[in-house]
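**Q** Provided below for reference: sequence and predicted model.
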Amino acid sequence: DNDNDNDNNDKAPTTTTNTKTSGFRPNSLLVVGGGSKNHLWRQMIADVLGMELRFPLEVESAALGAAFQAGAAASKVPVREYVEGRNVEMEAIVVRPTKEEDVLELYRAGRRRYREFSTKLYAN
């Protein structure tokens, strides 16, 4: 099991093995694309991932991200280092995860149902 599945956490469990083993622990995410314009979807992502979300003003922000990766590769520097050296204008709004226990419990209950049904669905 790759997920931190402690139902007593104060946020919905989503930490993957990669973040556990790499030591990489982001405290916010830059969110792009069509779904990032929907305020309900923004809040759900923040709640489920348990971290702040930020949104670039750049309309073609997905292409900007690809350009950053290409620039980092061409410069032979880590993407993080390359991106930190760039100024990207952001929306003023920052979406923070909820701390409302009743909402968090709904996410945990949904995850339990998902795991129950997916185990049955994908069982040998």
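**A** Cool, got the structure.
**Q** buried set for stretch 102-116?
**A** Neighbour counts over stretch 102-116 (16 or more other CB atoms under 10 Å) mark 104, 107-108, 111 as buried. In short, each C-beta sits where N, CA and C put it, glycine included.
**Q** of the residues you listed, just say which sits nearest to Gln43.
**A** When these are compared for distance to Gln43 (CB to CB), Tyr107 wins out at 11.3 Å.
**Q** the worst-scoring helix or strand of the chain on mean pLDDT: what's the following helix or strand?
**A** Lowest mean confidence among the helices and strands of the chain (mean pLDDT, DSSP states H and E): helix 17-22, at a mean of 60. With elements assigned by DSSP states H and E, the helix or strand that comes after helix 17-22 is strand 28-30.
**Q** and that following strand, which strands flank it?
**A** In the sheet, strand 28-30 lines up against strand 52-54 (parallel) (DSSP bridges).
**Q** helices or strands up against the next helix or strand after the partner strand?
**A** Along the chain past strand 52-54, the next helix or strand (assigned with DSSP H and E) turns out to be helix 61-75. Counting contacts by 3 or more CB pairs under 8 Å, 6 or more residues apart in numbering; DSSP states H and E, helix 61-75 packs against helix 79-84.
**Q** show me the shaky parts of the chain.
**A** Counting by pLDDT under 70, the chain shows low-confidence ranges at 1-21, 124.
**Q** what residue is smack in the middle of it?
**A** Most central in the chain under CA atoms, centre = their mean is Leu49, positioned 5.2 Å from the mean C-alpha point.
**Q** isn't it right next to Pro97, touching?
**A** Yes: counting by CB atoms under 8 Å, Leu49 touches Pro97, with 7.3 Å between them.
**Q** longest helix in the chain, please.
**A** In the chain, with assignment by DSSP state H, the single longest helix is helix 101-121.
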